[in-house]
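**Q** here is a sequence with its predicted model. Questions after.
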Amino acid sequence: MSIKKTHPNLTQLELDFSILSNGAKVIVTGYDAYNLRDMSGQTGVIDGYSRQYGYYSVYFKNFSGLFGAKHLILYYCREQLQPIPGAKGRCSWQSVVEREIKKSRKPK
């Protein structure tokens, strides 16, 4: 969101409603929405979007998860995410789905 003074008596408000798609690579700044970990400067992949809270879940491939989880997925606001143009990555669940599809295609 930005505010511009266009005239001494007028103010223009600009809102950014762009939604990042799943698989888009982003650079993160600051702590996640729950203040669990600072991942400033790290590259992650958008894993999902919560319309209820307005947070993006970001998957970090090379980091172990919190509290013994296999994948590190943290929630961020849109303002903390800088998309990398043209870059795509794999979400946390994609490798599991692809593995199951390969298993179902194998002849018995």
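**A** Thanks, I have it. Numbers count the residues shown, from 1 in each chain.
**Q** tell me where this protein has helices.
**A** 94-105 (DSSP state H).
**Q** worst-scoring helix or strand of it, pLDDT-wise?
**A** strand 2-7 (a mean of 62; mean pLDDT, DSSP states H and E).
**Q** pLDDT below threshold where in the protein?
**A** For the chain, the stretches with pLDDT under 70 are 1-7, 13-18, 108.
**Q** if we go to 80?
**A** 1-19, 66, 68-69, 106-108 (pLDDT under 80).
**Q** quick one: the strands in it?
**A** With DSSP state E, the ranges of strands along the chain come out as 2-7, 10-14, 24-28, 43-50, 55-60, 72-76, 81-88.
**Q** to residue 37, which of those strands lies closest?
**A** In terms of Cβ to Cβ, the element of the strands of the chain nearest to residue 37 is strand 72-76, at 6.4 Å. Every residue, glycine included, has its C-beta placed from N, CA and C.
**Q** next one: stretch 27-44 to chain centre, how far?
**A** Distance, stretch centre to chain centre, for stretch 27-44: 10 Å (Cα atoms, centre = their mean, to the nearest Å).
**Q** export that stretch as PDB, just CAs?
**A** Taking Å, rounded to 0.1, in the frame of the first residue of the first chain, the C-alpha atoms of stretch 27-44 are listed here in PDB:
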ATOM      1  CA  ILE A  27      12.900 -13.700  -1.400                       C
ATOM      2  CA  VAL A  28      11.800 -13.300   2.200                       C
ATOM      3  CA  THR A  29      12.500 -10.400   4.500                       C
ATOM      4  CA  GLY A  30      12.100 -10.500   8.300                       C
ATOM      5  CA  TYR A  31      10.400 -12.800  10.800                       C
ATOM      6  CA  ASP A  32       7.400 -15.000   9.800                       C
ATOM      7  CA  ALA A  33       3.900 -14.100  10.900                       C
ATOM      8  CA  TYR A  34       4.300 -15.900  14.300                       C
ATOM      9  CA  ASN A  35       7.800 -14.600  15.000                       C
ATOM     10  CA  LEU A  36       9.300 -18.100  15.100                       C
ATOM     11  CA  ARG A  37      12.300 -17.600  12.800                       C
ATOM     12  CA  ASP A  38      14.100 -14.800  10.900                       C
ATOM     13  CA  MET A  39      14.600 -15.900   7.300                       C
ATOM     14  CA  SER A  40      15.700 -12.600   5.800                       C
ATOM     15  CA  GLY A  41      17.400 -13.000   2.400                       C
ATOM     16  CA  GLN A  42      16.400 -16.700   2.000                       C
ATOM     17  CA  THR A  43      14.700 -18.000  -1.200                       C
ATOM     18  CA  GLY A  44      11.500 -19.900  -0.700                       C
END
